[in-house]
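Undergrad: sequence plus the predicted model coming up.
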Amino acid sequence: MPPETKVFAQPVLRGQRFADHSLPLEAAEGLIAYRELVRNLAKHLFNTRKGRSRAPRGFDKTFDLKLKGVHGDCAVPVLARPEIPDVPPGANPEDFDYAEFDHARDLIARTVQALALGQELPGEFPQEMLADLEAFGDTFEADESIELRGVQETPGPVLDYKVRRRITQERSRGSYTETATINGRIIGFDSDKSQFKVRTLNRRTVEGKFEPRHEDRVLKALAGKKWCRVRITGPVRFSAGQVPVRFEEIGSMVVWTRTSEEAVKQVEDRLRELASLPPGWLEGAGKAVPAGELEWFRTRMFALMVDHGLPRPKLYATEDGNLQAVWRQLPWRIEAEFDLSEKSCSLLAMNVESDEDQDKELELDLTTEQGEKDLAEFLKGFLSAADEVTVE
């Protein structure tokens, strides 16, 4: 039987995309970002309380959120967590108490409330995690907001465009400026204000203003944001935590890619096919691929193709509802199975032309930047990467 669950949060989503009281698939990115924010803050709170440098292995994996339904006058997704944590074998059960995650949820809400009222932020909320809070807010459009309600359906603080601007201002405290080169994808554009936003390769958001001579390139990068990247060099404002916040000026801007629009479209078409598989698709044994996790997988595939120039893989659903990517470049065949709920990956590279045992295996945790770097480096050890091409 599936584990018992308990309501964790009931956020209220408002805006044009939610006007019909439903949750578009694209909006799942915001809920995933919320879960990651809770996980990361809970780890910080655990380490602070215990006086440790890192949480025990698997700490964040015991916490997950499931979409139990959508109701209300707007779109109110009901997010539930397991009733009892699944403690890894040999671990101390006392280290896997959901209290840290509940505390993180409430601390996020109090931080948003303080920002909305222009008050001092809670001392428990780390300055360096304002970037994570901003990244969560940036998954919503300018006319959208999310009201942070917990277990109860009583009104909560609202994270809207005004609050997101205050997060950016808060991040600028103790900041400094230096010349830097930033690579990323355009995620926002305001022609009237000549403003734009870039999501960096390590998922930070940097905003800036552009001159008329740059508008065509900004629009080109925005239109091709799934398969194009932009490289901007110039004075960049960094927060006290050395996180890029704002382009003070654009010295140069280049739109580039290492893949093609057609290759990205083929991946999207294939993922739609896999998402449509019903429960029991494999002679009654196959589980459906969880639609809410597809955005996470899609982003990783596009990063491998666009940022690293790796070829488009063949994609398959697995019996347990996960996804497998397969690359073939003689003499190697590389199989990568992605656990969508655990955000992990099992890699196997096989030499299909040799009788010798040359298989290479690797297990990766993709919830960390290092895990994603290791994934790309493993694949580039067996596959030829495409060169960067400037998009004219």
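TA: Nice, thanks for sending it over. Note that the structure is a prediction, hence the values are computed from the model and not measured.
Undergrad: run a quick neighbour tally on Ala180.
TA: Number of residues near Ala180 (other C-beta atoms under 10 Å) recorded here: 15. Every residue, glycine included, has its C-beta placed from N, CA and C.
Undergrad: which strand residues bridge it?
TA: Taking DSSP bridges, one obtains Gly234 as the residues bridged to Ala180.
Undergrad: quick check, it in contact with Gln242.
TA: No - Ala180 sits out of contact with Gln242 when judged by C-beta atoms under 8 Å, with a separation of 10.5 Å.
Undergrad: mind checking which helix or strand of the chain has the lowest mean pLDDT?
TA: Ranked by mean pLDDT, DSSP states H and E, the weakest helix or strand in the chain is strand 66-71, scoring a mean of 77.
Undergrad: which SSE is immediately downstream of that one?
TA: Going down the chain from strand 66-71, the next helix or strand is strand 76-82, by DSSP states H and E.
Undergrad: what does that next one contact?
TA: Contacts with strand 76-82, where a contact means C-beta atoms under 8 Å, 6 or more residues apart in numbering, come from 3-13, 23, 31, 34-35, 62-71, 98, 101, 149.
Undergrad: please check those and keep the buried ones.
TA: Among the contacts of strand 76-82, those classed as buried by 16 or more other C-beta atoms under 10 Å are 5, 8-13, 23, 31, 34-35, 62-66, 98, 101, 149.
Undergrad: what's the neighbour count on Ala42?
TA: Neighbour number of Ala42 under other C-beta under 10 Å is 23.
Undergrad: with Val267 as the reference, measure out to it.
TA: Separation of Ala42 from Val267 (C-beta to C-beta, to the nearest Å): 33 Å.
Undergrad: do the same with Glu144
TA: 27 Å.
Undergrad: quick revisit: inside helices: which ones of the contacts of strand 76-82?
TA: Counting by DSSP state H, the contacts of strand 76-82 place Leu31, Tyr34, Arg35, Phe101 in helices.
Undergrad: including pLDDT, could these go into TSV?
TA: Output for those, formatted as TSV (pLDDT from 0 to 100):
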residue	pLDDT
Leu31	89
Tyr34	92
Arg35	91
Phe101	90
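Undergrad: of these, closest to Gln119?
TA: Comparing the ones in helices among the contacts of strand 76-82 against Gln119 with C-beta to C-beta places Tyr34 closest, at 22.3 Å.
Undergrad: what residues are up against the closest one?
TA: Contacts of Tyr34 by C-beta under 8 Å, 6+ apart are Ala9, Pro11, Leu65, Leu79, Phe136.
Undergrad: now name the helix or strand holding the last one.
TA: Secondary structure from DSSP H and E places Phe136 in helix 130-137.
Undergrad: of all the contacts of Tyr34, which comes closest to Ser354?
TA: Nearest to Ser354 among the contacts of Tyr34 is Leu65, at 44.7 Å by C-beta to C-beta.
Undergrad: can you pull the contacts of that closest one?
TA: Neighbour list for Leu65: Phe8, Ala9, Leu31, Tyr34, Arg35, Leu79, Ala80, Arg81 [criterion: C-beta under 8 Å, 6+ apart].
Undergrad: tell me the contacts of Lys197?
TA: By C-beta under 8 Å, 6+ apart, the contact list for Lys197 reads Asp138, Ile186, Ile187, Gly188, Phe189, Thr205, Val206, Glu207, Gly208.
Undergrad: just checking, it is part of a helix?
TA: No - counting by DSSP: H, G, I helix; E, B strand; the rest coil, Lys197 is not part of a helix but strand.
Undergrad: bridged to it, which residues?
TA: Where Lys197 sits in a bridge, its partners, by DSSP bridges, are Gly188, Glu207.
Undergrad: please report how far it lies from Lys220.
TA: 16 Å.
Undergrad: ok, now Glu207?
TA: Separation of Glu207 from Lys220 (C-beta to C-beta): 19 Å.
Undergrad: and if you look at Ala303?
TA: Counting by C-beta to C-beta, the gap from Ala303 to Lys220 is 20 Å.
Undergrad: what's the answer for Thr205, then?
TA: According to C-beta to C-beta, Thr205 and Lys220 sit 20 Å apart.
Undergrad: neighbour count winner among those two?
TA: Thr205 (25 against 16).
Undergrad: backbone dihedrals for the more buried one, please?
TA: Per-residue torsions, Thr205: phi -110, psi 130 (degrees, to the nearest 10).
Undergrad: unless I'm mixing things up, it is touching Ala135, no?
TA: Yes - the pair Thr205 and Ala135 qualifies as a contact (C-beta under 8 Å) at a distance of 5.7 Å.
Undergrad: need the overlap of contacts for these two.
TA: Arg199.
Undergrad: give the residue spans of the stretch 51-200 of the chain that score low on pLDDT.
TA: Across the stretch 51-200 of the chain, the ranges flagged by pLDDT under 70 are 53, 71-74, 90-91.
Undergrad: and the helices in the protein, which stretches?
TA: Assigned by DSSP H, the chain shows helices spanning 28-50, 99-117, 130-137, 161-171, 215-223, 261-275, 294-302, 369-380.
Undergrad: single out the most deeply packed of those helices.
TA: Among the helices of the chain, helix 130-137 has the highest mean neighbour count (mean count of other C-beta atoms under 10 Å), at a mean of 22.
Undergrad: who touches that one?
TA: By C-beta under 8 Å, 6+ apart, the residues outside helix 130-137 that reach it are 30, 33-34, 36-37, 40-41, 108, 111-112, 159, 163-164, 167-168, 170-171, 199, 203-205, 239, 241, 243.
Undergrad: how far away from the center of its chain is it?
TA: 11 Å (C-alpha atoms, centre = their mean, to the nearest Å).
Undergrad: with stretch 168-178 instead?
TA: Distance, stretch centre to chain centre, for stretch 168-178: 23 Å (C-alpha atoms, centre = their mean).
Undergrad: swap in stretch 224-234?
TA: Stretch 224-234 has its C-alpha centroid displaced from the chain centroid by 18 Å (C-alpha atoms, centre = their mean).
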